[in-house]
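Trainee: after the sequence you'll find the predicted model.
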Amino acid sequence: MTLRYRSWSRNPDGALPPVVLLHGFAANARLNWEGPGVVEALVARGRRVYALDARGHGESDRPHDDTRYGESLMARDVRLLIDRIGADHVHVAGYSMGAVVAVLAAAEDSRISRLVVGGIGAGAVEVGGLDTRAMPPELVSAALTADDAADVPERARGFRALADASGADRHALAAQIRAVHRGALPLDRITMPTLVLAGENDPLAVRPRVLSDAIKGAELVVLPGDHLSAVRDPGFAEAVAAFLARG
């Protein structure tokens, strides 16, 4: 499996850890982080930034085999990227699927010293992983693999539209959603400073206070928007960059 990542820096401050960004389902590094201005906000503060295209997404390999997917495997990919970077400490920010991956990686890797998780809420505590109550994997998989977009139920049209707009391999995405993490997340092992970010109208991040309360010392910022639009709110990039600048 070949995975691609991008990196950015401009006059990096060597005293600050690199930042690793993990995108959401059906997105990619550029769409989730560069387009909304998060990369620029970090680079402007002297950060060296790395953003991974998760397996099945962006320019990384896109197999159609369910066994090649799941957030636990993606968390291993993150740890291998940190190995490649060679830093003693890194900061990690993840959104949606990437937030679940970030939690799993941070629970296992002491090199992750500051964490941002966005686009997830009470479901991460009550269900584990993405809130499958709002996003049933079987429904999303069927929407992604339907021959005619007109046959896609309204509830899943957003993910089908995002996949089509980004040129994603819909069958690779369907394999990931069928392998989605369904167990409890190790939130009790998240001990580094953590920020929880959520859109106020995000059906996949309802009651985000439940999540922030489950992580010792976590801070919470709620922004305008839903699951797709909250990332584009100017406050999102500023919140990520400002929080990561404190450590």
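Mentor: All right, it came through fine. Numbers count the residues shown, from 1 in each chain.

Trainee: what's the least confident helix or strand in the protein, going by average pLDDT?
Mentor: Counting by mean pLDDT, DSSP states H and E, the weakest-scoring helix or strand in the chain turns out to be helix 157-165, with a mean of 85.

Trainee: packing partners for that one?
Mentor: With contacts taken as 3 or more Cβ pairs under 8 Å, 6 or more residues apart in numbering; DSSP states H and E, helix 157-165 sits against helix 137-145, helix 170-178. No exception for glycine: its C-beta is placed from N, CA and C like everyone else's.

Trainee: adding mean neighbour count, mean pLDDT and distance to residue 32, write the ones you listed out as JSON lines.
Mentor: Shown next, in JSON lines, are the helices and strands packed on helix 157-165 (neighbours: other Cβ atoms under 10 Å; pLDDT from 0 to 100; distance: least, Cβ to Cβ, whole Å):
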{"stretch": "helix 137-145", "mean neighbour count": "19", "mean pLDDT": "92", "distance to residue 32": "18"}
{"stretch": "helix 170-178", "mean neighbour count": "22", "mean pLDDT": "96", "distance to residue 32": "14"}
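
Trainee: separation between the residue sitting nearest the centre point of the chain and residue 91?
Mentor: What sits nearest the mean C-alpha location of the chain, by Cα atoms, centre = their mean, is residue 98, with 2.0 Å. In this view, residue 98 and residue 91 are 14 Å apart by Cβ to Cβ, to the nearest Å.

Trainee: ok, residue 139 next?
Mentor: In terms of Cβ to Cβ, residue 139 sits 34 Å off from residue 91.

Trainee: likewise for residue 218?
Mentor: For residue 218, the distance to residue 91 (Cβ to Cβ) stands at 15 Å.

Trainee: residue 234 too?
Mentor: Distance from residue 234 to residue 91, by Cβ to Cβ: 21 Å.

Trainee: need the longest helix for this structure.
Mentor: helix 71-85 (DSSP state H).

Trainee: let me know the angle separating the helix or strand following it from helix 71-85.
Mentor: Per DSSP states H and E, the first helix or strand lying C-terminal to helix 71-85 is strand 90-95. Interaxial angle, strand 90-95 versus helix 71-85 (axes from the mean of the first three to the mean of the last three Cα atoms, to 10 degrees): 150 degrees.

Trainee: in strand 90-95, what's buried?
Mentor: 90-95 (16 or more other Cβ atoms under 10 Å).

Trainee: need the residues you listed in TSV with distance to residue 239 and pLDDT, can you?
Mentor: What follows is these, written out as TSV (distance: Cβ to Cβ, whole Å; pLDDT from 0 to 100):
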residue	distance to residue 239	pLDDT
90	19	98
91	13	98
92	15	98
93	10	98
94	14	98
95	12	98
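
Trainee: how about JSON lines for the residues you listed, with distance to residue 44 added?
Mentor: JSON lines is the format used below for those (distance: Cβ to Cβ, whole Å):
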{"residue": "90", "distance to residue 44": "19"}
{"residue": "91", "distance to residue 44": "15"}
{"residue": "92", "distance to residue 44": "19"}
{"residue": "93", "distance to residue 44": "16"}
{"residue": "94", "distance to residue 44": "21"}
{"residue": "95", "distance to residue 44": "20"}
